[in-house]
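Asker: okay, here's the prediction I keep looking at, along with the sequence it came from:
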Amino acid sequence: MKKSTIDNAETAMDEQEKNGLAPDQPDSLEERGSSIPNSQEEENRLASEFVRQIVSLIEEGDNQAVYDMVAPLHPADIAELFAQAPVEIRRPLAAAITDLMSGEVISEMNEWVREDLLKSLTGQEVANIIAQLDLDDAVVIVSELDAQKQQETLQALSSEDRAAIERALSFPLESAGRMMQRNLVAVHENMSVGDVIHYLRQNDDLTTDFWEVFVVDPSHRPIGTCKLSKLLRMPRHALIQDIMQPEQTLIPVTMDQEEVALRFQKYGLISAAVVDESGRLVGMITVDDIIHIIRDEADEDILKLSGAGDGDINEPVLDSYKSRVRWLITNLGTALVASTIIGFFEGTIARMVELATLMPIVAGVGGNAGSQTMAVTVRALATNQLTASNCVRSITRELRIALLNGLTVACVLGAGTWLVFHNVLLTEVIALAIMSNIIIGGLAGVLVPLTFDRAGSDPAVASSIFVTMTTDAMGFLTFLGLATVSGLTGA
């Protein structure tokens, strides 16, 4: 689906005039006497001084100098430049480097930065960018557009590209059908090596980026693959069906992208065929797409555990507020449970103020123990390490770890309590309470995510809130309950 870059020079001039930028910039960097700073820092990111100078040149209207500085950058670095630049600078920057704004730059951009930038473009301009992209990248961009802009963009595309994108958009969100590429090389099983090489040389429309050739039967169902390295080393008369690798991993078009990533990771795949419901070859997925998926899924799980939404610094303030506040309100409700339990023991605490000093320790350490177990469990579920076959064994393992941790922390805290308060009964109560709460936290950390997973919900979404509620409530109940029934307060 890649095509040559479409010249948007006239659009650039219009944008420059709208933003008050002079189209003619006779002064070069040399004439200005300025030097171009190093664009890269050791941390593999754009140098702050480089970004500041770009911003300064944009504000001065020196588009030629901006272009000269940006031109040597890799598309990924240009995309990063947009993310680091202030919001009000991004559109003038795009106008200054119009012919550098390739589809690759757009696809590498942060999604929030890209969304903001695409809003300023017409459907035809977005279509010009999309026409340069592979199908999977094009589908991502089109899916992010609002309904009206999406329709305008699709209408501006060629009929072939429009049909391919609409077909991909018909598949479920985050499925293999959304992320697959249609540009692949497929040959029939009865072709010889010479036939395949001739086919590759004579067809200019074939993709130039591939690592293996897919072998299909007359119904276009994949029956094997052949790596290019093997193809080039075989005699020309050899049949492709004799040298192909019949074993292959096929990806159903509706498979979730996280499951696709796990298959690539498990079997060490470079690329894999995507098949439709009838088993016909409809596309392929390559490992470079999977790297993005693995990173995005890992980031998503971490952010869900904290209730921080997308967690992107470019996300609009109102969107971040909406995604975070609902979990804070939920957490407020669960905190009231712990407060209610404390209220039941108000008389006990009043008779012995030392209890109020030690209560947060019991709840806090128990919560940390639960969070540790929860993080391990959520990761194990996400990577398919924790399944029905080893569920009981995993729970038993976490219980043993919690018991060992509980004994260790109980001994340390008990010794500290004795040294400070010189009260044997208080020492015994705090030691028993914290050991119990660590065990409870360990069990909650594994059982809460498992419960969500068995119910068909994402265990990363709300596990942390319920684990924290359990350890806080049970920590206060255990500690204050033991203090009451043991006669520690003299009641």
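Answerer: Nice, I can see it.

Asker: show me the contacts for A138.
Answerer: Shown in contact with A138 (CB atoms under 8 Å, 6 or more residues apart in numbering): 1, 103, 130, 161, 165. To be clear about C-beta, it is placed using only N, CA and C from the backbone, and glycine gets the same treatment.

Asker: which residue ranges make up each domain of the protein?
Answerer: Taking automatic domain parsing as the reference, the chain has its domains at 9-170, 186-290, 317-485.

Asker: for V70, which non-adjacent residue is closest in space?
Answerer: Using CB to CB, 6 or more residues apart in numbering and skipping the chain neighbours, the partner closest in space to V70 is I97 (5.1 Å).

Asker: related to what we said a few turns ago, inside helices: which ones of the contacts of A138?
Answerer: 103, 130, 161, 165 (DSSP state H).

Asker: quick check, nearest of the residues you listed to G416?
Answerer: Distance ranking of those against G416, using CB to CB, places G103 first at 62.1 Å.

Asker: how many neighbours does the closest residue to the closest one other than its chain neighbours have?
Answerer: Beyond its immediate neighbours in the sequence, the residue positioned closest to G103 (CB to CB, 6+ apart) is Q132, lying 3.2 Å away. Q132 has 21 neighbouring residues, counting by other CB atoms under 10 Å.

Asker: of the ones in helices among the contacts of A138 - the most surrounded one?
Answerer: Of all these, I130 has the most neighbours under the rule other CB under 10 Å, reaching 27 neighbours.

Asker: in contact with it, which residues?
Answerer: Under the criterion of CB under 8 Å, 6+ apart, the contact list for I130 reads 103, 138, 141-142, 153, 157, 161, 165.

Asker: got it, and H220?
Answerer: Residues near H220 by CB under 8 Å, 6+ apart: 186, 280-281.

Asker: Throw these into TSV and include pLDDT and secondary structure, thanks.
Answerer: What follows is the contacts of H220, written out as TSV (pLDDT from 0 to 100; DSSP: H, G, I helix; E, B strand; the rest coil):
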residue	pLDDT	secondary structure
A186	93	strand
R280	94	coil
L281	95	strand
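
Asker: most neighbours among the residues you listed, which one?
Answerer: Compared across the contacts of H220, L281 has the highest neighbour count, 21 neighbours, by other CB under 10 Å.

Asker: can you tell me how far the nearest residue to that residue once chain neighbours are set aside sits from H188?
Answerer: The shortest distance from L281 to any residue that is not its chain neighbour, by CB to CB, 6+ apart, is 4.8 Å, and that residue is P222. P222 sits 12 Å away from H188 when distances are taken as CB to CB, to the nearest Å.

Asker: among these two, which residue is more densely surrounded?
Answerer: Under the neighbour definition other CB under 10 Å, P222 and H188 were set side by side, and P222 has more, 20 against 16.

Asker: which ones are touching that one?
Answerer: P222 sits in contact with 186, 214-216, 248, 250, 273, 275, 281, where contact means CB under 8 Å, 6+ apart.

Asker: for it, phi and psi?
Answerer: In this entry, P222 is assigned phi and psi values of phi -70, psi 130 (degrees, to the nearest 10).

Asker: now pLDDT and distance to S394 too, for the contacts of A138, in a markdown table please.
Answerer: As requested, the contacts of A138 are exported to a markdown table (pLDDT from 0 to 100; distance: CB to CB, whole Å):
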| residue | pLDDT | distance to S394 |
| --- | --- | --- |
| M1 | 50 | 45 |
| G103 | 77 | 45 |
| I130 | 83 | 46 |
| D161 | 87 | 48 |
| I165 | 89 | 43 |
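
Asker: what is the nearest of those to L118?
Answerer: Within the set of the contacts of A138, I130 lies nearest L118; the separation is 10.1 Å, counting by CB to CB.

Asker: if we can go back for a sec, what do P222 and H188 both touch?
Answerer: In terms of CB under 8 Å, 6+ apart, P222 and H188 are both contacted by the residues 215-216.

Asker: what pairs with the residue nearest to L281 across the strands?
Answerer: When bridges are called by DSSP bridges, P222 pairs up with V216.

Asker: so the residue nearest to G103: helix, strand or coil?
Answerer: The three-state assignment at Q132 reads coil, by DSSP: H, G, I helix; E, B strand; the rest coil.
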